[in-house]
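Enquirer: Okay, predicted coordinates and the sequence, questions at the end:
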Amino acid sequence: MANYIKVTEKVAASMGLTSIRNKTADGNYLLWQADILRFPGDDIFSRAAYCGGAVLTPNAAKEEVDGTDHPVQVATPERFLSSSEQSPSEEEKSEINKEDEV
């Protein structure tokens with residue numbers, strides 16, 4: 001059965017797919033199963049988890065596009081963030097802590 005993978009806009013953009021995939025009502029994107037074959041994993045679920053996505057049935061995907069009261073939540077893993085968006089490194093955290101002590 002064909003399924004869709006809901007991912008954040010940042011994930012879809014990093015894959016170059018925002019112009020050719022459907023956008024959900026909450027601003028995320030629906031990818032095709034073939035889009036995530038490049039990611040490590042033994043099945044669609046582990047590959048979806050790698051990119052912070054969720055596997056949806058065709059009916060659930062349609063609800064996401066049309067708008068639903070309870071949209072499926074997805075996240076952007078750090079590997080898909082630009083370096084300026086990533087959380088502070090351990091070195092930066094220690095510098096922040098030092099500033100707080102002053």
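Expert: It's in. Residues are numbered from 1 along each chain as shown.
Enquirer: rest of the way, CA atoms for contacts and neighbours
Expert: Fine.
Enquirer: any low-confidence regions in this protein?
Expert: Counting by pLDDT under 70, the low-confidence segments of the chain come to 83-102.
Enquirer: try 80 this time
Expert: Applying pLDDT under 80 to the chain flags the ranges 1, 82-102.
Enquirer: And the strands in it?
Expert: With DSSP state E applied, the chain shows strands at 4-7, 29-32, 54-56, listed in chain order.
Enquirer: right, so those: which one is the most enclosed?
Expert: Of all these, strand 4-7 has the most neighbours on average by mean count of other Cα atoms under 10 Å, namely a mean of 27.
Enquirer: Please name every helix or strand in contact with that one.
Expert: Under the contact criterion of 3 or more Cα pairs under 8 Å, 6 or more residues apart in numbering; DSSP states H and E, strand 4-7 touches strand 29-32, strand 54-56, helix 58-66.
Enquirer: Adding distance to Phe39, write the strands of the chain out as CSV.
Expert: Compiled in CSV, those are given as follows (distance: least, Cα to Cα, whole Å):
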stretch, distance to Phe39
strand 4-7, 13
strand 29-32, 13
strand 54-56, 14
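Enquirer: Of all these, which one comes closest to Asp66?
Expert: strand 29-32 (12.4 Å; Cα to Cα).
Enquirer: got the contact list for that closest one?
Expert: In this structure, residues lying in contact with strand 29-32 by Cα atoms under 8 Å, 6 or more residues apart in numbering are 3-9, 12, 18, 21-24, 61.
Enquirer: Among these, which one sits closest to Pro40?
Expert: Checking the contacts of strand 29-32 against Pro40 with Cα to Cα, the nearest one is Ile5 at 15.0 Å.
Enquirer: which residues touch the closest one?
Expert: Applying Cα under 8 Å, 6+ apart to Ile5 gives the contacts 30-33, 48, 53-56.
Enquirer: Is it bridged to anything, and to what?
Expert: With beta bridges defined as DSSP bridges, Ile5 has these partners: Leu31, Val55.
Enquirer: follow-up on the earlier one: which one of the contacts of strand 29-32 has the most neighbours?
Expert: Per-residue neighbour counts (other Cα atoms under 10 Å) across these peak at Lys6, which has 29 neighbours.
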